[in-house]
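Novice: got a predicted model here, sequence first, then my questions.
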Amino acid sequence: MLLKYLNNSVKDDCALILWKQLKRKLRNVSSNNKSKGGRPEKLSLPDLIFSLIYHTINPIGKLSIKVKRCSGMEISDSALSQKRQNIPWELFNEVMAQQLGSIAKECKHSQSFYKGYHLLGIDGTTFSIRNTSATSSLPKRNSQNKKSKKKHKYSEDGYAYLWANSLVELGVHNPIAAEIGIKNESEWALGIKLIKSLPPKSLLLADRLYGKPSFVSRLEKHFKKSGGGAYLVRVGKQPKTKVKKILSDGSALVEIVVRNKRSQSKITERILLREIQVKVISPLNNKVSIVRLWTNLLDHEIYPLAELVDLYSKRWEHEIYYGTIKKKLTGGNLLRAQSIQTALQEIAAHVIASALIAQYRCKAIDEGKDDEVNDPTRISVQKVNDELSVFWRLVEYKSKLNLKSSQIKSGAKLMSENLLEQMTPKRKRRSCPRGTRRTPRKCWPRILARIESNEPCKIEVVQYCV
């Protein structure tokens, strides 16, 4: 039994320490939420939650098989489904609050920091759920509606969906906080809840959804209370600003106005920040994109314009993180759950599993002999899953094969060495445009002539007029 072995495992092995810490946190959370009276339950909540996370990382097979491997108890899938319906969502939320946290260190993971600031990204995504009577209250995709001109790009047509939002450490792809729309909250509402989870001395990168004066005002208030922080938010064309001073690098100090929700004519706050407007020209097809950024890093000599524009491109790592969860863990955008309660549990298990994978990858990098290799994202998530599956089977058959604890410990070290040997090379710059020769979908452009270029994108500063 995996949990029983982890309880008596040696303390020197980092792989076992991570799982032992998770098990201890599950025990503490369940003891705080344990109901008084009644007969003792056969399958404890920590064993069930641990089995769900185990099933997320190794999804082959049934959940009942994973429960038997982790706890040694035989229980049917129907009984597990009934038991999962009675687990309160607050328990999973508390487990995520205790398990998720920062793991990046400036001395070891320099790609996750910028001049003393901790790089974080905020973004949301949707998870599709099968259409059943239990999910009838959830909103559904409207791309089949004749009135809708634009097809939805996230998921299949007609399925119900749930929103999820998270704060992710850029560079190591580790979630430090997450919110799930249990009451059909939007990405915007979930993002506002995540502001309180921002640690001090963090630099938040956000897309155009959060480029609004009301969101910036909440960030400013939070950073004043928490001890300082910064943000770099992309803004659309709509928010208007008043130029106060044009800086020598082409950016400008501007003033934005925060208005009252009920009465737009009433001004509640004025905020002074730095605005950057540049043209990004692609060398492949000469496509021009206007990028407009807001930041509270006002000193243009310490924080140059070119560095901030290049820094904002790291926000795309958050999209890669969601793509990894859906392709490697979920197997697609469609969840296995058939009710709202089990769907919330499945999303929470995916977030916790992604945090554990990020910890394993960072531990493998830290134990490596090469000091120049400090990018844990070069270790494939699929390879981590394969190594963990073999390691868990080794732990499961420990008593049958008469294996010693020292042999299990050496097997864990061998797993880290194998992960380092299978690291992928650094990602190269895209040399050809995105598209296909034929057009299976309208969203993909058609390539008529072959174009190749290894040059970076050109950046031109947009001049301000006072």
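Specialist: Now that the structure is in, tell me what you want to look at. Numbering: from 1, shown residues only.
Novice: CA only for contacts and neighbour counts going forward, please
Specialist: Noted.
Novice: tell me which residues of stretch 113-122 are tucked away?
Specialist: Buried residues in stretch 113-122, counted by 16 or more other CA atoms under 10 Å: 113-114, 117-122.
Novice: now do stretch 213-220
Specialist: Going by 16+ other CA under 10 Å, stretch 213-220 has these buried residues: 213-217, 219-220.
Novice: same thing with stretch 61-81?
Specialist: Neighbour-count burial for stretch 61-81 flags 63-73 (criterion: 16+ other CA under 10 Å).
Novice: nearest to E346, of those residues?
Specialist: L63 (11.9 Å; CA to CA).
Novice: mind checking the SS state of the nearest residue to that closest one once chain neighbours are set aside?
Specialist: Nearest residue to L63, sequence neighbours excluded (CA to CA, 6 or more residues apart in numbering): H55, at 6.4 Å. At H55 the chain is in helix, as set by DSSP: H, G, I helix; E, B strand; the rest coil.
Novice: just the pLDDT for H55.
Specialist: Looking at H55, its pLDDT stands at 86.
Novice: distance of it from I195?
Specialist: With distances taken as CA to CA, to the nearest Å, H55 is found 31 Å from I195.
Novice: what of I320?
Specialist: Counting by CA to CA, the gap from I320 to I195 is 22 Å.
Novice: in this structure, where is pLDDT below threshold?
Specialist: Residue ranges of the chain with pLDDT under 70: 1-41, 142-157, 369-372, 396, 399, 438-444, 466.
Novice: contact partners for the spatially closest residue to S339 that is not a sequence neighbour?
Specialist: Distance criterion CA to CA, 6+ apart; nearest residue to S339, sequence neighbours excluded, is A134 at 5.2 Å. If you count contacts by CA atoms under 8 Å, 6 or more residues apart in numbering, A134 has them with 338-340.
Novice: is there a quick ChimeraX command that grabs whichever of those are buried?
Specialist: Filtering those down to the buried ones (16+ other CA under 10 Å) takes a single ChimeraX command:
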select :338,339,340
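Novice: how is this structure carved up into domains?
Specialist: If you go by automatic domain parsing, the domain ranges for the chain are 2-98+380-421, 110-322.
Novice: okay, those, which one's buried deepest?
Specialist: Most buried of those, by mean neighbour count (mean count of other CA atoms under 10 Å): domain 110-322, with a mean of 17.
Novice: report the distance from it to the chain centre.
Specialist: Counting by CA atoms, centre = their mean, to the nearest Å, domain 110-322 is centred 14 Å from the centre of its parent chain.
Novice: what's the first-to-last distance across it?
Specialist: For domain 110-322, the end-to-end distance is 22 Å (CA to CA).
Novice: for stretch 419-437, same thing?
Specialist: 37 Å.
Novice: which outside residues touch that stretch?
Specialist: 284-285, 364-365, 368, 378-380, 383-384, 387, 444-448, 450-454.
Novice: buried residues, that stretch. List them.
Specialist: Neighbour count says stretch 419-437 has 419-420, 423, 433 buried, by 16+ other CA under 10 Å.
Novice: re earlier: so the residue nearest to S339, which state does it fall into?
Specialist: helix.
Novice: and for L203?
Specialist: Under the three-state scheme (three-state DSSP), L203 adopts strand.
Novice: what about the strands in the stretch 251-400 of the chain?
Specialist: Counting by DSSP state E, counting those that start in this stretch, one finds strands in the stretch 251-400 of the chain at the ranges 252-259, 267-281, 288-295.
Novice: any idea how far the top helix by length along the chain is from the chain center?
Specialist: Of all the segments of type helix in the chain, defined by DSSP state H, the longest one is helix 340-367. Helix 340-367 sits 10 Å away from the centroid of its parent chain (CA atoms, centre = their mean).
Novice: tell me what it is packed against?
Specialist: If you count contacts as 3 or more CA pairs under 8 Å, 6 or more residues apart in numbering; DSSP states H and E, helix 340-367 packs onto helix 14-32, helix 45-57, helix 77-85, helix 89-99, strand 174-180, helix 381-396, helix 405-421.
Novice: re earlier: of the buried residues of stretch 213-220, which is the nearest to Y312?
Specialist: Using CA to CA, these come closest to Y312 at V216, 16.6 Å.
Novice: OK, contacts around that closest one?
Specialist: Per CA under 8 Å, 6+ apart, neighbours of V216: Y210.
Novice: distance of it from E255?
Specialist: Taking CA to CA, one finds V216 at 12 Å from E255.
Novice: and if you look at L219?
Specialist: 16 Å.
Novice: again, but for D207
Specialist: The gap separating D207 from E255 is 20 Å, by CA to CA.
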